[in-house]
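A.B. asks: quick one, what's the 3D model for this:
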Amino acid sequence: GTGEDLKSDNELLPNGVFDGAAAHWIIPGHAGAFYSCVLKEDGDKLTWEQTNVKWRAATHWVHDRKAQTISVQAGSGVDVPEGCTVSWTVSPGVPPPVALFVANFGRAEKVFADYLEWLNRSFSRCGIRIMKEVEAFLCEACATSSGDKCVCCEQPHAGHAGVQCKQCAAKGRFKCVRCGGPCRLSRAVGQLCDTHGLGSRRTECCRMQKN
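C.D. replies: Numbers count the residues shown, from 1 in each chain. Next up, the predicted model:
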């Protein structure tokens, strides 16, 4: 529509679409945008603030037109897979949406591949009976995309706060109990449905582990 779309021939790669106010990464065959970046302008600096995060922490970009660079904003994108470029040089005349799409394309591809890998993993609940409870946290991505779901299944949670055993907490207290990713930016407590959180199930460790 805008003439600044970026499309891939690979059906598993994201297509970039700019609607005049925000950039969206669309995955063919998947409903809605995988994630979006809203444009904010301040003089020579453009900031693309990532919203609609479905997987991993938000990555914000700063396009400095005077310095002719586009770089990941400090403090964002902290848990993106290794090997992602954090700064690019932008040639004069390149439209800002195109600069963003090119800079973020490889990152979006890796994050989506990581997301698919996670979806295909087999998890089971630790289930150890707890004597001393330790809080169970969700990472920012799970809190955003799955915060209304039970930690242990895909059903809506019923407000039962999940807890983890001392053994699991020792392995990674500040790791998400749902996906295992880091939760440095989130203090959201994982919740359980009635099936997994009532009665004696409430006192069992809710951390999900790969089989």
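A.B. asks: Ala57 is in contact with Ala143, isn't it?
C.D. replies: No: the criterion here is Cβ atoms under 8 Å, and Ala57 misses it with Ala143 at 10.6 Å. Backbone N, C-alpha and C define where each C-beta goes, glycine included.
A.B. asks: run the chain-centre distance for the longest helix seen in the chain.
C.D. replies: Counting by DSSP state H, the longest helix found in the chain is helix 96-119. Here the centre of helix 96-119 is set off from its chain's centre by 11 Å, with Cα atoms, centre = their mean, to the nearest Å.
A.B. asks: report the next helix or strand after that helix in sequence order.
C.D. replies: Counting by DSSP states H and E, the element after helix 96-119 in chain order, helix or strand, is strand 123-125.
A.B. asks: the next helix-or-strand element following that following strand: partners in the sheet, and parallel or antiparallel?
C.D. replies: Next helix or strand after strand 123-125 toward the C-terminus (DSSP H and E): strand 134-135. Taking DSSP bridges as the criterion, strand 134-135 forms sheet pairs with strand 163-164 (antiparallel).
A.B. asks: quick one: the partner strand to chain centroid distance?
C.D. replies: 22 Å.
A.B. asks: one more: stretch 41-56?
C.D. replies: 14 Å.
A.B. asks: for the remainder of this discussion, apply numbering that starts at 71.
C.D. replies: In the new count, where the first residue is 71, that last one comes out as stretch 111-126.
A.B. asks: wait, Ile200 sits on Arg272?
C.D. replies: No: here Ile200 lies out of contact with Arg272, judged by Cβ under 8 Å, at a distance of 9.1 Å.
A.B. asks: next, show the common contact partners of the two.
C.D. replies: Val233 (Cβ atoms under 8 Å, 6 or more residues apart in numbering).
A.B. asks: I'd like the average pLDDT over stretch 242-261.
C.D. replies: Averaging pLDDT along stretch 242-261 gives 82.
A.B. asks: likewise for stretch 274-281?
C.D. replies: So the average pLDDT for stretch 274-281 ends up being 88.
A.B. asks: buried stuff in that stretch?
C.D. replies: Neighbour-count burial for stretch 274-281 flags 274-278 (criterion: 16 or more other Cβ atoms under 10 Å).
A.B. asks: same question, stretch 187-198
C.D. replies: Residues of stretch 187-198 classed as buried: 188, 195-196 (neighbour count, 16+ other Cβ under 10 Å).
A.B. asks: and if you look at stretch 174-184?
C.D. replies: Buried, per 16+ other Cβ under 10 Å, within stretch 174-184: 174-175, 177-182, 184.
A.B. asks: number of residues surrounding Gly90?
C.D. replies: 9 (other Cβ atoms under 10 Å).
A.B. asks: can you pull the pLDDT of it?
C.D. replies: So Gly90 comes in at 89 (pLDDT).
A.B. asks: that one and Thr121, how far apart?
C.D. replies: For Gly90, the distance to Thr121 equals 16 Å [Cβ to Cβ, to the nearest Å].
A.B. asks: which stretches in this structure count as helices?
C.D. replies: Using DSSP H, helices in the chain cover 166-189, 210-216, 236-242, 264-267.
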